[in-house]
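[1] Here's my sequence, what's the structure:
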Amino acid sequence: MKFKINLNPYPGAPYFTAQEHLRRFSIKEDPVKHMHNTESQLRALFNIPEGFSFKMLNLSDKDKFCSQFESVIIKDDPLHGIDWLRMKSQPSTSLKILDLSYSFPQVPTDFLGIDAIIIDPNAGLGIRAGLLLVFYLHDSISFNGLISPNTTGQFNKEIYVLSKVADDLVEKGIEMLVRESNYKAAVLYHLIESHHHLKPMVDKEQRSKTIISAACETHLLRKIKQLGYEISSRMDKENTVITIASYPTHSRELVEMLVDRIMLL
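    Numbering: from 1, shown residues only. Modelled structure (predicted):
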């Protein structure tokens, strides 16, 4: 079987330490300890204020949980490559729940007007888990009828891996992660602007740095996939639009190699 490189927004490529942590898991591990550690490390990584409480939910309950809010804003749109928090006309009154699943490490500097934050670890964090990570501001937010993993042993292994990968990311340092993310985004957007078979789809001031989109001629998309790169694509009127994820799971070297190979096509 030909080796594949996952550049899809969802599910994202696994973080490189996740498999080793999974191998080391023991049933003797304390899930409560790892749940608390996950909360602490996520607060540091996502810049989440202490005023927000934390809860883990079954990922299958995501739609049910979100349905109680007026609106859900996905900061970095996995379909269009837009960073919605960079939109100048974004109405603060409608910003109720913020989805940061596709954003890490490009996180907001403040959370004014936000009632809840959700993170699906299967995207930018690169962790396979049936969990939804929720930070919420008000006691009035309802969790009635929703399953919390701390009441079952079903997710102990996933909570352990999440805790350990969060430790790895904190150890690397958010400053380093952001620098690498900025660099990879710049390299990818330079490719899009300079390649004669690619065209930007998002204005510069609105572009996501973790979800990169471009109009791509069909024959070029076919060649990219033949090289083993898995990328999302869709039709937008007459354009074939590709979407490339650039998460901490994707190294600088991987992105540089991708760009070098596409420039030769």
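
[2] average pLDDT across stretch 241-248?
    Looking at stretch 241-248 alone, the average pLDDT works out to 98.

[3] Use 18 as the first number for this chain going forward.
    Yep, numbering from 18; the last one is stretch 258-265 now.

[4] Spell out the residue ranges of the strands in the stretch 118-267 of the chain.
    133-136, 148-153, 215-217, 228-233, 246-247, 249-253, 256-262 (DSSP state E, counting those that start in this stretch).

[5] export those strands to JSON lines and tack on distance to Leu142 and mean neighbour count?
    For glycine as for every other residue, the C-beta is placed from the backbone atoms N, C-alpha and C. Formatted as JSON lines, the strands of the stretch 118-267 of the chain follow (distance: least, Cβ to Cβ, whole Å; neighbours: other Cβ atoms under 10 Å):
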{"stretch": "strand 133-136", "distance to Leu142": "7", "mean neighbour count": "23"}
{"stretch": "strand 148-153", "distance to Leu142": "9", "mean neighbour count": "22"}
{"stretch": "strand 215-217", "distance to Leu142": "27", "mean neighbour count": "16"}
{"stretch": "strand 228-233", "distance to Leu142": "14", "mean neighbour count": "25"}
{"stretch": "strand 246-247", "distance to Leu142": "18", "mean neighbour count": "18"}
{"stretch": "strand 249-253", "distance to Leu142": "18", "mean neighbour count": "13"}
{"stretch": "strand 256-262", "distance to Leu142": "12", "mean neighbour count": "22"}
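
[6] Tell me which of these sits nearest to Pro66.
    strand 148-153 (8.8 Å; Cβ to Cβ).
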